[in-house]
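[1] Structure for this input, please:
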Amino acid sequence: MLPASVVTIPRTELPMETIIGVLSYKKTRERKIEEKEVAKTEQPEKSGLAPRATVSEELSSTTMNNGKDSSGESTSSKERKRRKERDREERESERKERDSQQKEERRSKDKDEDEQDSDAEIVKVFDGNSSMRRKVFRTITVNRNAATKEVVEAALRSFYIKDDPGNYYITEALESEERPLDVFTPISALLTETSRESPSLFLRYRDKDPNKGFIKVYPGNLKSSQGYKSIPVSSDTTVDDVLEYALRKFGLGTTTKSKYNLIEVTMDNRVTERVLTHSEKPWRIMQQIRKESIHQMLKTRFYLQEKEDPHGSSIALFIGNLPQNLSQRQYHGILMGFIGESNPFVSIGPIYYEYGSVVVNYDNNEAAVKAFNCLKVSLYDERSLLVMLLPNIQAQLLADDRELTPLLVFVNVKSGGCQGMELIASFRKLLNPYQVFDLGNGGPLPGLYVFRNVPKYRILICGGDGTVGWVLQCLDNVGQDSVCQAPPCAVVPLGTGNDLARVLRWGTGYTGDEEPMGVLRDVIEADEIRLDRWTVVFHPDEKQEGEVKAVAACQILSNSAAEDNSSMFVMNNYLGIGLDADLALDFHNAREENPDKFNSRLHNKRMYVKMGLRKMVKSRSGKSGARHDLHREIELEVDGKIVELPAVEGIIILNILSWGAGCNPWGPERDDVFSKPTHWDGMLEVVGVTGVVHLGQMQSGLRSGIRIAQGGHIRIKMKSELAVHVDGEPWNQSSGTVTILRSALRATMLKKTKIKRRNTMEPHQRGLEAERSSS
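    Residues are numbered from 1 along each chain as shown. The predicted structure follows:
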């Protein structure tokens with residue numbers, strides 16, 4: 001996990017969700033309910049405290065200029081919108097809490113009716129003045145003759161407070177006053193014959209001395225392993241006094257007091273912050289919070305915060321959905337057209353030409369926010385631009401701990417139904433949320449840019465084989481500009497086939513039963529292993545140049561061969577020509593036409609089998625269009641030697657010994673002229689398939705493919721148009737030459753270690769077992 005002290009985020013008025021797209025996924029129905037409740041006018045709550053603002057609200061005050069923010073909207077208008085948003089969230093939270101309490105009260109009443117003990121009484125408990133005003137309470141069931149201590153303990157349980165009951169007491173909540181209860185006052189004394197309502201009580205915190213006490217001050221993003229410090233305070237202690245005492249305790253020296261603020265943080269439905277003025281008195285603030293809400297008191301902390309933004313003066317904006325392969329001048333012109341000449345960025349770059357993405361840098365928050373707001377609503381070729389603010393990792397702070405190896409997590413939320421969404425939520429809870437990236441929001445590039453200066457880290461890719469290839473391809477393009485050029489990669493298989501994940505022992509497919517914490521442990525214990533990668537060059541015949549139909553997601557170096565119209569790809573798993581690719585193309589086209597029907601791994605496999613059976617029936621009737629004479633339509637050359645092909649309908653060229661969701665076309669080891677293959681030996685294996693029935697037999701384990709050749713340099717001459725696929729991405733390829741060369745772009749993967757059986761026997765049992773085995 002990345003320590004919080006090494007990750008800094010820009011202090012802007014923008015909501016935290018804009019940083020790398022860390023979204024709080026809310027249901028549309030709930031959002032509509034909130035919008036309806038906003039229309040209702042309510043009186044603002046009266047409180048002796050200044051309103052607490054969110055992180056973005058409080059820090060936005062530094063970007064205001066002449067009563068207007070960076071977007072030109074007046075400060076008062078902006079503030080009203082923020083308050084409405086905050087009130088809306090609070091009302092929704094209160095509504096949910098009231099519903100929960102009403103259900104709890106109904107359950108308590110039902111339980112009370114079934115009880116034979118007629119002395120049980122239901123009591124309403126408020127945790128402060130705020131809950132009384134909002135009519136939000138918890139219900140407890142106690143005996144009418146119960147002592148005050150028992151009532152306090154029941155009230156603490158109802159609010160899930162694990163604390164010493166001696167620190168709390170209860171008072172009677174009356175309409176016009178609040179009456180303290182004697183220690184020996186039973187609940188029955190609060191009941192009257194005419195009153196049918198349950199008695200109401202306040203749960204209060206007991207100050208040992210109302211004029212003095214202790215507050216906890218946390219170091220925040222300061223690099224300190226000491227945790228919080230207890231600071232003695234009194235009614236007259238100011239924030240300035242607390243800063244001086246806390247800095248001395250953290251060993252930072254009181255001379256630096258002017259560089260720090262004390263901030264009040266409330267961690268409830270969302271994290272809110274308020275920068276305290278140096279004249280405020282924290283002890284009085286805590287007393288007021290306790291009176292308003294015990295629940296809020298337990299979720300309020302004080303933090304030290306540097307006044308100067310640790311993120312630095314440079315703020316990076318990632319911008320995507322631009323046209324591909326333009327020049328730097330063209331990208332600069334497009335962006336300035338959206339942003340305006342009055343708000344230029346300091347620098348542009350890096351530029352990811354193949355993906356139409358760039359990173360621009362600003363040296364102040366106000367300019368960055370203004371650019372963000374302009375770009376967020378901009379369109380290019382009727383497509384909305386993708387814009388994100390990026391966090392910054394202070395790599396120099398990682399150098400002190402050489403054993404620390406952070407994990408960069410990529411999750412394809414579109415893979416595996418809803419599993420991707422569940423994983424991204426789980427990993428963001430277990431790890432620093434700024435090291436978990438949603439591939440649906442900018443792809444792998446933002447994450448790789450953020451980690452560019454980290455000297456050593458690992459990558460966890462949650463997705464199918466196509467997702468793995470996508471991340472590896474981006475690593476090829478940006479790795480040369482990074483300190484760690486080839487970080488090892490692990491896989492959580494979310495795809496349909498997951499052949500590479502099977503070879504690396506990560507499983508056949510993520511089922512949701514695995515604990516995310518267990519996955520992280522496996523990544524830590526995994527072994528590094530090399531994966532050969534291959535460059536595939538398709539060169540069409542001259543008479544049919546321009547008819548190459550390639551898949552853009554796999555294509556790299558597309559402009560490197562513009563003169564001869566060749567296309568280059570990188571192969572990680574396998575390449576198929578003929579029958580295998582024809583089936584893959586049918587499946588691909590069906591999924592493109594109806595993507596909503598292909599959201600289940602099991603359903604995808606059924607559809608693949610169904611298409612295979614349909615093709616087999618058509619093959620027998622002579623209507624399938626499949627080439628039964630593929631060996632006459634292609635010429636195979638391996639390591640400079642022509643190889644005679646048997647009568648096959650398709651060939652498969654393997655880099656890994658898993659194909660078609662776990663099948664091994666090469667087959668088990670046997671004594672022949674071929675060496676034992678691995679995915680790091682610099683060799684490819686060529687197998688043949690005689691028909692659809694043969695494919696089915698291979699996938700069921702009844703037969704293997706026909707071993708044809710093994711070598712490190714393959715050249716195939718295609719005499720007609722044939723179906724082709726590279727790592728499962730299919731298309732129809734016109735006649736021409738296919739050349740497969742070992743690529744210099746190798747990948748380092750992580751192979752899951754074998755499961756070790758735990759020895760659960762006691763020591764004396766192990767001794768007896770050893771004696772039995774020796775005898």
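
[2] Tell me how many other residues surround the closest residue to residue 708 other than its chain neighbours.
    Excluding the flanking residues, the one nearest residue 708 by Cβ to Cβ, 6 or more residues apart in numbering is residue 686, at 4.4 Å. To be clear about C-beta, it is placed using only N, CA and C from the backbone, and glycine gets the same treatment. Here the number of neighbours of residue 686 (other Cβ atoms under 10 Å) works out to 25.

[3] give me the beta-bridge partners of residue 387?
    Listed by DSSP bridges, the beta-bridge partners for residue 387 are residue 319.

[4] So residue 430 is in contact with residue 519, correct?
    No - if you go by Cβ atoms under 8 Å, residue 430 and residue 519 don't touch, sitting 9.5 Å apart.

[5] between those two, who's got more neighbours?
    residue 519 (21 against 15).

[6] quick one, strands of the stretch 101-250 of the chain?
    120-126, 138-143, 168-173, 178-180, 200-205, 212-218, 229-234 (DSSP state E, counting those that start in this stretch).

[7] Figure out which of those is closest to residue 451.
    Set against residue 451 and scored by Cβ to Cβ, the strands of the stretch 101-250 of the chain come closest in strand 212-218, at 27.0 Å.

[8] May I see the buried residues of that closest one?
    For strand 212-218, a neighbour-count test (16 or more other Cβ atoms under 10 Å) marks 213, 215, 217, 218 as buried.

[9] before we move on, what about stretch 432-452?
    Neighbour counts over stretch 432-452 (16+ other Cβ under 10 Å) mark 432-439, 441-452 as buried.

[10] about what we covered before: redo the buried residues of strand 212-218 as JSON lines? Include distance to residue 203 and pLDDT.
    Formatted as JSON lines, these follow (distance: Cβ to Cβ, whole Å; pLDDT from 0 to 100):
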{"residue": "213", "distance to residue 203": "19", "pLDDT": "90"}
{"residue": "215", "distance to residue 203": "21", "pLDDT": "90"}
{"residue": "217", "distance to residue 203": "26", "pLDDT": "89"}
{"residue": "218", "distance to residue 203": "26", "pLDDT": "85"}
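
[11] in stretch 379-393, what's buried?
    Those would be 385, 386, 387, 388, 389, 390, 391, 392, 393, for stretch 379-393 by 16+ other Cβ under 10 Å.

[12] Nearest residue to the second one in space, ignoring adjacent ones along the chain?
    Pointing back at residue 386 there. Excluding the flanking residues, the one nearest residue 386 by Cβ to Cβ, 6+ apart is residue 320, at 3.6 Å.

[13] Give me the pLDDT value at residue 653.
    We note a pLDDT of 93 for residue 653 in this prediction.

[14] Now tell me what touches whichever strand or helix holds it from outside.
    For residue 653, the host element (DSSP states H and E) is strand 650-654. Outside strand 650-654, the residues that touch it by Cβ atoms under 8 Å, 6 or more residues apart in numbering are 573-582, 630, 634, 636, 645, 659, 665-666, 677, 684-689, 705, 708, 714, 740.

[15] could you redo the last one with a cut-off of 6 Å?
    574-580, 665, 684-689 (Cβ atoms under 6 Å, 6 or more residues apart in numbering).

[16] which residues in the stretch 551-700 of the chain form helices?
    Applying DSSP state H, counting those that start in this stretch to the stretch 551-700 of the chain gives helices spanning 579-593, 601-621, 630-633, 692-700.

[17] rank the ones you listed by pLDDT, which is bottom?
    Among the helices of the stretch 551-700 of the chain, helix 601-621 scores lowest, with a mean of 61.

[18] where in the stretch 501-650 of the chain is pLDDT low?
    Residues of the stretch 501-650 of the chain meeting the criterion pLDDT under 70: 543-564, 591-592, 595-628.

[19] Would you state the strands of it in chain order?
    527-531, 534-540, 567-571, 574-578, 634-638, 641-643, 650-654.

[20] on that earlier part again, the strand holding residue 653 to strand 567-571, inter-axis angle?
    Put simply, strand 650-654 runs at 60 degrees to strand 567-571, going by axes from the mean of the first three to the mean of the last three Cα atoms, to 10 degrees.

[21] Show me what strand 650-654 pairs with in its sheet, parallel or antiparallel.
    Strand 650-654 is paired, per DSSP bridges, with strand 574-578 (antiparallel), strand 684-689 (antiparallel).

[22] Inside helices: which ones of the buried residues of stretch 432-452?
    445, 446, 447, 448, 449, 450 (DSSP state H).

[23] What sits closest to the fourth one if chain neighbours are left out?
    Closest residue to residue 448 apart from its sequence neighbours, by Cβ to Cβ, 6+ apart: residue 478 at 5.2 Å.

[24] State whether the one you found is indeed within a strand.
    No - under DSSP: H, G, I helix; E, B strand; the rest coil, residue 478 falls outside any strand and is assigned helix.

[25] Check the burial of it by counting its neighbours.
    Using other Cβ under 10 Å: residue 478 sits among 18 other residues.

[26] shouldn't it be in contact with residue 450?
    No - with contact defined as Cβ atoms under 6 Å, residue 478 and residue 450 do not form a contacting pair (11.4 Å).

[27] Contacts only, for the residue nearest to residue 708.
    Contacts for residue 686 (Cβ under 6 Å, 6+ apart) come out as 653, 708, 709.

[28] So which of the buried residues of strand 212-218 is the closest to residue 672?
    Nearest to residue 672 out of the buried residues of strand 212-218 is residue 218 (Cβ to Cβ; 67.4 Å).

[29] Please verify my assumption that that closest one contacts residue 305.
    No - if you go by Cβ under 6 Å, residue 218 and residue 305 don't touch, sitting 10.1 Å apart.

[30] Overlap of the contact sets of the two?
    Joint contacts of residue 218 and residue 305 (Cβ under 6 Å, 6+ apart) do not exist.

[31] and the strands paired with strand 650-654 as JSON lines, adding distance to residue 164?
    Formatted as JSON lines, those follow (distance: least, Cβ to Cβ, whole Å):
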{"stretch": "strand 574-578", "distance to residue 164": "65"}
{"stretch": "strand 684-689", "distance to residue 164": "70"}
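
[32] Which one of those lies nearest to residue 415?
    strand 574-578 (19.8 Å).

[33] Go through the host helix or strand of residue 361 and flag the buried ones.
    In this structure, residue 361 sits in strand 357-362 according to DSSP H and E. In terms of neighbour count (16+ other Cβ under 10 Å), strand 357-362 has its buried residues at 357, 358, 359, 360, 361, 362.

[34] One more: stretch 483-503?
    Buried, per 16+ other Cβ under 10 Å, within stretch 483-503: 484, 486-503.

[35] Before I go, just wanted to say thanks for your time.
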